[in-house]
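A.B. asks: I'd like to go over a predicted model; first the sequence, then the structure.
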Amino acid sequence: MTATRTILVAQPSAEFGASLADALRPGGLTVDHVADGQQLAAALPESTAELVVLHLPLAGLRGGEVLATLRQLTRDRGLPVLVLGLDQRPEKLRRALAREGAEVLEREATVEEGRQQVEKTLAPPAPEMEPKRAAPRVVVWLPALVIADADFFDGAILNLSETGIYFQTAAALTEGAAAEVVFTLPGPAVEIQASCTVIWTQPPGGETPAGAGLRFDQLPEEPAAAIRRFVSSLVALNEEIGRHI
């Protein structure tokens, strides 16, 4: 059985709370409603809410009590807070609420806008489009030859890391295709020949030069060590230059 997910709505209008509860119910959310600051203070210790919707002004919650309550929710309990009703409030108050970690709507919200914002706040983070790179990469320009799709492609490596390259070429490589890449690392010259897989492609006409991202397949230790040394030396050089700019 799926556990019930709850939000706590602190809003003087019982009608708004009930309408928001009706709107959120199809998404598997229930609403606990309190009408003033005293009820909010009483409800918080036992509440299992994943989100607090706080409408300001709220009777019984004055001045510094607002920020103190937000601090308790966002910092001490790690709860997201959505603040409504600030369309006529001073900009200074908006900034103070935002500093305490609250999500502040710019104007009075309808029930539908409240529902959308609640669901957006509680939604899990979107998956990353690309995996985070564990290995550092450097910007380079190294002539290279790629063999893929039973053809030969001349181009240049624009990005290099121990895990792969970005190969600039106007040719249309096939995502998922097996490939071989041959290039030479400068000073002292080390020729690298490696098996790769075409992970993604960039067609012409975008901000990024046309080409393809290639991932090395089980790069042997000797070329891997050469690439590691080359990348590390460039990273160190870039950091040294950065300290003098």
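C.D. replies: Noted; the coordinates are in hand.
A.B. asks: can you show me the helices along the protein?
C.D. replies: When assigned using DSSP state H, the helices of the chain occupy the ranges 14-24, 37-43, 64-71, 91-99, 111-122, 221-243.
A.B. asks: if you count neighbours, what's buried in the shortest one?
C.D. replies: Which is helix 37-43. 37, 40, 41, 43 (16 or more other Cβ atoms under 10 Å). C-beta here means a position set from N, CA and C on the backbone, and glycine is covered the same way.
A.B. asks: which residues sit against it?
C.D. replies: 8, 10, 32, 34, 54, 58, 59, 60, 61, 62, 65, 69 (Cβ atoms under 8 Å, 6 or more residues apart in numbering).
A.B. asks: poorly predicted segments of the protein, please.
C.D. replies: 1-4, 62-64, 67, 74-76, 85-109, 121-135, 240-245 (pLDDT under 70).
A.B. asks: one step back: nearest to residue 81, of the helices of the chain?
C.D. replies: helix 64-71 (5.9 Å; Cβ to Cβ).
A.B. asks: list the buried residues of that closest one.
C.D. replies: By neighbour count on 16+ other Cβ under 10 Å, the buried set for helix 64-71 is 66, 69, 70.
A.B. asks: repeat that for stretch 225-245.
C.D. replies: Under the neighbour-count criterion of 16+ other Cβ under 10 Å, stretch 225-245 has 226, 227, 228, 230, 231, 234 buried.
A.B. asks: tabulate those residues (JSON lines), appending distance to residue 15.
C.D. replies: Below are the buried residues of stretch 225-245 laid out as JSON lines (distance: Cβ to Cβ, whole Å):
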{"residue": "226", "distance to residue 15": "70"}
{"residue": "227", "distance to residue 15": "65"}
{"residue": "228", "distance to residue 15": "65"}
{"residue": "230", "distance to residue 15": "67"}
{"residue": "231", "distance to residue 15": "62"}
{"residue": "234", "distance to residue 15": "64"}
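A.B. asks: for the residue lying closest to residue 137 once chain neighbours are set aside, give its distance to residue 147.
C.D. replies: In this structure, residue 137 finds its nearest non-sequential neighbour in residue 161, 3.7 Å apart by Cβ to Cβ, 6 or more residues apart in numbering. From residue 161 over to residue 147 the distance is 21 Å, taken as Cβ to Cβ, to the nearest Å.
A.B. asks: same deal with residue 138?
C.D. replies: Taking Cβ to Cβ, one finds residue 138 at 24 Å from residue 147.
A.B. asks: do the same with residue 205
C.D. replies: Relative to residue 147, residue 205 is positioned 26 Å away (criterion: Cβ to Cβ).
A.B. asks: likewise for residue 29?
C.D. replies: 55 Å.
A.B. asks: also residue 209?
C.D. replies: Counting by Cβ to Cβ, the separation of residue 209 from residue 147 is 21 Å.
A.B. asks: so which of residue 29 and residue 147 has more stuff around it?
C.D. replies: residue 29 (21 against 15; other Cβ atoms under 10 Å).
A.B. asks: my read: that one touches residue 7, true?
C.D. replies: Yes - here residue 29 reaches residue 7: they are 6.0 Å apart, a contact under Cβ atoms under 8 Å.
A.B. asks: name the member of the contacts of helix 37-43 with the most neighbours.
C.D. replies: residue 10 (28 neighbours).
A.B. asks: what's opposite that residue in the beta bridge?
C.D. replies: Beta-bridge pairing for residue 10 (DSSP bridges): residue 34, residue 54.
A.B. asks: now do the contacts for it.
C.D. replies: Applying Cβ under 8 Å, 6+ apart, we find residue 10 in contact with 34, 35, 36, 37, 39, 40, 52, 53, 54, 55, 58, 61.
A.B. asks: repeat for residue 34
C.D. replies: Neighbour list for residue 34: 8, 9, 10, 40, 42, 43 [criterion: Cβ under 8 Å, 6+ apart].
A.B. asks: got the contact list for the first one?
C.D. replies: So that's residue 8. By Cβ under 8 Å, 6+ apart, the neighbours of residue 8 are 31, 32, 33, 34, 40, 43, 44, 47, 49, 51, 52, 53.
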